[in-house]
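**Student:** give the three-dimensional model of this entry:
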Amino acid sequence: QLQFVESGGGLVQPGGSLRLSCAASGFTLDYYAIGWFRQAPGKEHEGVSCISNSDDSTYYKDSVKGRFTISRDNAKNMVYLQMNSPKPEDTAVYYCAAEGHYCSGYAVGSWGQGTQVTVSS
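**Tutor:** Below you'll find the model as predicted:
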């Protein structure tokens with residue numbers, strides 16, 4: 001069973017930085033592409049970034065390109081999202097999830113508890 005535990009969220013000022021962590025369990029991490037998603041109040045989940053399991057190719061939502069960086073450590077079963085220069089519109093609950101065997105933009109399985117990120121001065 002695919003299980004993820006997200007952490008590292010909090011209150012951050014615009015222009016600051018934050019690093020989110022995702023601990024995966026129940027499967028071998030390098031078997032799947034892994035994505036970060038977010039859900040703002042009153043909105044649907046949306047894909048933010050994804051890292052492939054084949055060659056570590058990375059993909060980003062246009063609005064976060066150049067500011068966010070996704071990475072993975074298969075040995076530790078961890079995936080990270082480095083958020084630099086966050087903006088108030090990045091405020092949301094952030095989740096990680098498997099996207100299958102390639103970055104599809106769609107999550108497989110159920111959501112974890114997520115981690116709240118609030119960008120505000």
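**Student:** most centrally placed residue in the chain?
**Tutor:** Nearest to the geometric centre of the chain sits residue 36, at 2.3 Å (C-alpha atoms, centre = their mean).
**Student:** so what are the sheet partners of the helix or strand hosting it and their directions?
**Tutor:** Using DSSP states H and E, residue 36 maps to strand 34-39. Here strand 34-39 is paired, per DSSP bridges, with strand 46-51 (antiparallel), strand 92-98 (antiparallel).
**Student:** quick one: that strand to chain centroid distance?
**Tutor:** 4 Å (C-alpha atoms, centre = their mean, to the nearest Å).
**Student:** for that strand, which residues meet the burial criterion?
**Tutor:** 34-38 (16 or more other C-beta atoms under 10 Å). Placement of C-beta: from N, CA and C, glycine included.
**Student:** and residue 117, what is it in contact with?
**Tutor:** Residue 117 makes contact with 9-10, 12, 18, 20, 38, 83, 86, 90-94 under the criterion C-beta atoms under 8 Å, 6 or more residues apart in numbering.
**Student:** right, and residue 115 touches residue 23 too?
**Tutor:** No. Counting by C-beta atoms under 8 Å, residue 23 is not a contact partner of residue 115; they are 11.2 Å apart.
**Student:** pLDDT (mean, whole number) over stretch 88-97?
**Tutor:** Taken as a whole, stretch 88-97 carries a mean pLDDT of 98.
**Student:** no, scratch that, I was asking about stretch 16-27
**Tutor:** 94.
**Student:** cool, stretch 40-50 as well?
**Tutor:** On average, stretch 40-50 scores 96.
**Student:** now what about it, what contacts it?
**Tutor:** Contact with stretch 40-50 is made by 33-39, 58-61, 64, 68, 70, 81, 91-95, 99, 103, 105-107, 111, as judged by C-beta under 8 Å, 6+ apart.
**Student:** alpha carbons only: can I get it in PDB?
**Tutor:** Taking C-alpha atoms only, stretch 40-50 is exported to PDB below (Å, rounded to 0.1, in the frame of the first residue of the first chain):
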ATOM      1  CA  ALA A  40      -6.000  25.800  -1.700                       C
ATOM      2  CA  PRO A  41      -9.200  26.600   0.200                       C
ATOM      3  CA  GLY A  42     -12.300  26.000  -2.000                       C
ATOM      4  CA  LYS A  43     -10.200  24.600  -4.900                       C
ATOM      5  CA  GLU A  44      -9.400  21.200  -6.300                       C
ATOM      6  CA  HIS A  45      -6.100  19.500  -5.900                       C
ATOM      7  CA  GLU A  46      -3.600  20.700  -8.500                       C
ATOM      8  CA  GLY A  47      -0.200  19.300  -9.600                       C
ATOM      9  CA  VAL A  48       2.800  21.400  -8.700                       C
ATOM     10  CA  SER A  49       5.800  19.300  -9.600                       C
ATOM     11  CA  CYS A  50       6.800  15.800 -10.500                       C
END
